[in-house]
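> Show me the folded form of this:
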Amino acid sequence: MNTHNPGDFRYRVRRSDDSSVRFDRIPVSVRTLSSNTLFQGEHEIGIEHHGALYRLKITRQGKLILNK
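Okay, the predicted model is just below:
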């Protein structure tokens, strides 16, 4: 299962002078919105994306589900 972690890091390959490969951890900058801001007390919202309507829902267990 994928979960969002604000401390998430992505890896970038860096080659050093001795031809060995090293992976550097670099922070990912992601615009973050609170689910409270998005849902404003509702349990479902619609998202229009390239002409298609998606529904983002909060489940009874408090998880998010995105359906087309």
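
> okay, CA-based contacts and neighbour counts for the rest of this
OK.

> what about the nearest residue to residue 47 once chain neighbours are set aside, neighbour count?
Nearest non-adjacent residue to residue 47, counting by C-alpha to C-alpha, 6 or more residues apart in numbering: residue 54, 5.0 Å away. Residue 54 has 14 neighbours, counted by other C-alpha atoms under 10 Å.

> what's residue 54 in contact with, if anything?
For residue 54, the contacting residues are 46-48, 66-68, by C-alpha atoms under 8 Å, 6 or more residues apart in numbering.

> Please spell out which residues along the helix or strand harbouring it are buried.
Element membership for residue 54, per DSSP states H and E: strand 52-58. For strand 52-58, the neighbour count (16 or more other C-alpha atoms under 10 Å) marks 56-58 as buried.

> a markdown table please, covering these and showing distance to residue 34 and pLDDT.
Converted to a markdown table, the buried residues of strand 52-58 look like this (distance: C-alpha to C-alpha, whole Å; pLDDT from 0 to 100):
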| residue | distance to residue 34 | pLDDT |
| --- | --- | --- |
| 56 | 14 | 97 |
| 57 | 14 | 97 |
| 58 | 13 | 97 |
